[in-house]
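>>> generate coordinates for the sequence data below:
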Amino acid sequence: MDQQQRYDNLKLGERGAIISILAYIGLSALKLIVGNLSGSEALRADGLNNATDIVASIAVLIGLKLAQKPADKDHPYGHWKSETIASLIASFIMMAVGIEVLINAVRIVFQGSEQSPDPISAWTGVFCAAVMYGVFRYNKSLAIKTKSQAVMAAAKDNISDALVSIGTVIGIVGSQFKLPWLDPVTAVLIGLIICKTALDIFREASHHLSDGFDETTIQKFREKVKQVEGVEDVKQLRARSYGSNAVVDVVLSIRTEAKFREAHDIATRVEDELKKSAEVIEVHVHYEPAK
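Numbering: from 1, shown residues only. Got it, this is the predicted structure:
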């Protein structure tokens, strides 16, 4: 995949973020309005959940736009990490809202709820779950097409929200059967889901920003390099993430009698082989004589 195609994929990935933003704005407003009118704490919590998703989707959109900026003097590797930084910021906002939802829901649980919410809130939850599932299918297809980790993360968030809405419906329906406490308890669970999602996003983003990399992928890269003609051994192979891309550093062992030109050709073959992987954007090769 060449550089221009990577930038084109980022541009295409913006569609998924924009669709998510529009969907979350509409669904959040609908849930908050119906939740307040029907007296459903679970639906209100779900609406606040979608409100945080608006911020998260905007962060993804901004990250995708910034990541398209070419390399410059201050960023010789490009601006690929912008989307990861945006995800980190979004996780803080989501965690704050999740904690707020938890506090309010727990307070209502201990105060006691004597009134069951209006059934219209359940139908609202069903409708919203169906919409989010449609957005998930679109974003998943777009993520596979563009090979974008950011859009795939957005798709996973979409299906998570669809499941949360289904959980909300279960809580509301249960409260109709003389179990009014089930609605605020469901709100507590939604608050926990928001916090867990925020924590998962934080862990993944901080892992990439601290140069963490998947060990299984590292091993796959190592096996690929070992199969290149002229490589005696792979002394060291490291990689770090730049958004949805990877930069690989590899130290090779080659025959001691290999001439400079031959050694250079081996290094070039290693670089070409690794760049066949869609995520690898740059490879640094160092070679040493085998002992």
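>>> from here on, just use CA atoms for contacts and neighbour counts.
Noted.
>>> where do the helices sit along the stretch 101-250 of the chain?
Assigned by DSSP state H, counting those that start in this stretch, the helices in the stretch 101-250 of the chain fall at 120-146, 149-176, 182-209, 215-226.
>>> okay, the residue with the largest distance to the centre of the chain and P289: tell me how far apart.
Most distant residue from the mean C-alpha position of the chain: E257, 48.0 Å away (CA atoms, centre = their mean). Distance of E257 to P289, given as CA to CA, to the nearest Å: 8 Å.
>>> cool, and E271?
18 Å.
>>> one more: L142?
45 Å.
>>> let me have the helices of the stretch 101-250 of the chain in CSV, extended by mean pLDDT, distance to S40 and mean neighbour count.
As requested, the helices of the stretch 101-250 of the chain are exported to CSV (pLDDT from 0 to 100; distance: least, CA to CA, whole Å; neighbours: other CA atoms under 10 Å):
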stretch, mean pLDDT, distance to S40, mean neighbour count
helix 120-146, 90, 7, 19
helix 149-176, 80, 7, 22
helix 182-209, 83, 7, 21
helix 215-226, 91, 45, 15
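>>> a markdown table for the ones you listed, including distance to L64?
Listed next are the helices of the stretch 101-250 of the chain as a markdown table, based on distance: least, CA to CA, whole Å:
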| stretch | distance to L64 |
| --- | --- |
| helix 120-146 | 12 |
| helix 149-176 | 8 |
| helix 182-209 | 15 |
| helix 215-226 | 24 |
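>>> nearest to A17, out of those?
A17 sits nearest to helix 149-176 of all the helices of the stretch 101-250 of the chain, at 7.1 Å, using CA to CA.
>>> show me what that closest one is packed up against.
Packing partners of helix 149-176 (3 or more CA pairs under 8 Å, 6 or more residues apart in numbering; DSSP states H and E): helix 3-38, helix 41-67, helix 120-146, helix 182-209.
>>> distance to Q219 added to the ones you listed, as JSON lines?
Below are the helices and strands packed on helix 149-176 laid out as JSON lines (distance: least, CA to CA, whole Å):
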{"stretch": "helix 3-38", "distance to Q219": "24"}
{"stretch": "helix 41-67", "distance to Q219": "28"}
{"stretch": "helix 120-146", "distance to Q219": "23"}
{"stretch": "helix 182-209", "distance to Q219": "18"}
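>>> do you know which of the ones you listed lies nearest F92?
Ranking those by proximity to F92 (CA to CA) places helix 182-209 first, at 7.0 Å.
>>> which other helices and strands does the closest one contact?
Applying 3+ CA pairs under 8 Å, 6+ apart, we find helix 182-209 packed against helix 41-67, helix 82-111, helix 149-176, strand 233-242.
>>> so what touches stretch 212-231?
Surrounding stretch 212-231, the residues in contact under the criterion CA atoms under 8 Å, 6 or more residues apart in numbering are 207, 232-234, 237-241, 252-255, 266, 269-270, 273-274.
>>> again, only using 6 Å
Residues from elsewhere that reach stretch 212-231 (CA atoms under 6 Å, 6 or more residues apart in numbering): R240, I254, I266, V270.
>>> from these, which land in strands?
Among the contacts of stretch 212-231, the ones falling in strands (DSSP state E) are R240, I254.
>>> out of the contacts of stretch 212-231, which end up buried?
R240, I254, I266, V270 (16 or more other CA atoms under 10 Å).
>>> got CSV for these, with distance to E83 and pLDDT too?
CSV is the format used below for those (distance: CA to CA, whole Å; pLDDT from 0 to 100):
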residue, distance to E83, pLDDT
R240, 15, 91
I254, 38, 87
I266, 35, 90
V270, 29, 92
